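Enquirer: here is my input, please return the structure:
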Amino acid sequence: MTCTHIQFSRFVETYSNDLFCYAHYLVRSKEEAEEIVSDVFFEVWRNRDKIEEIQNPKAWLLTITHNKAISFLRKKKQLNVSASWDEIALHAIPHDLQTPDEQLISQEEISRINKIIRKLPPRCKHVFFLAKIERLPYKDIADMLNISVKTINIHVAKALELISKALKK
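Expert: Coordinates of the predicted model:
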């Protein structure tokens, strides 16, 4: 069974904002992120007959987005580019879905945390983003990045330790 135009439109609506935020995180340009997401959905449309076989569409789409963004950056030779965590945070957790603890964190603390996150090693920052901002299961991240779940745990623990140490200063 193949995907219809209406089903595909709903699919795009469901995932486009998350993919845009992730692409923007990687390339730091709104226009280029939009182009990457457009390319992702063009590729998905070309393979629409296989969509139903995908067990975790979001992880699959993030993988495609990641690959297209990295290819784009390689062409531009700007591999160390990343988006502001403040910008990503605007899309990551809608305010009305935040827990009371998350609502208590002041803007000043959020700014301090974002500065710390920006200083994380690139791979650690990438894993932390997928695990804590996108809230993907560790298994999906491990599959997407071709690393073990233990390595995901190590990256997240390292990020949390560095954030905690920096906040205690």
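
Enquirer: list the helices and strands whichever helix in the chain runs longest packs on?
Expert: In the chain, with assignment by DSSP state H, the single longest helix is helix 5-27. Here helix 5-27 touches helix 30-46, helix 57-76, helix 85-92, going by 3 or more C-beta pairs under 8 Å, 6 or more residues apart in numbering; DSSP states H and E. From N, CA and C alone the C-beta is placed, and that goes for glycine too.

Enquirer: next, name the residue at the spatial heart of this structure.
Expert: Centroid check for the chain by C-alpha atoms, centre = their mean gives residue 22 as the closest residue, at 3.9 Å.

Enquirer: once you drop chain neighbours, what's closest to that residue?
Expert: residue 65 (5.4 Å; C-beta to C-beta, 6 or more residues apart in numbering).

Enquirer: on that earlier part again, I figured the residue nearest to the centre of the chain hits residue 67, correct?
Expert: No - using C-beta atoms under 8 Å as the test, residue 22 is too far from residue 67 to be in contact (11.6 Å).

Enquirer: in the longest helix of the chain, what's buried?
Expert: For helix 5-27, burial by neighbour count (16 or more other C-beta atoms under 10 Å) applies to 8, 11-12, 15-16, 18-27.
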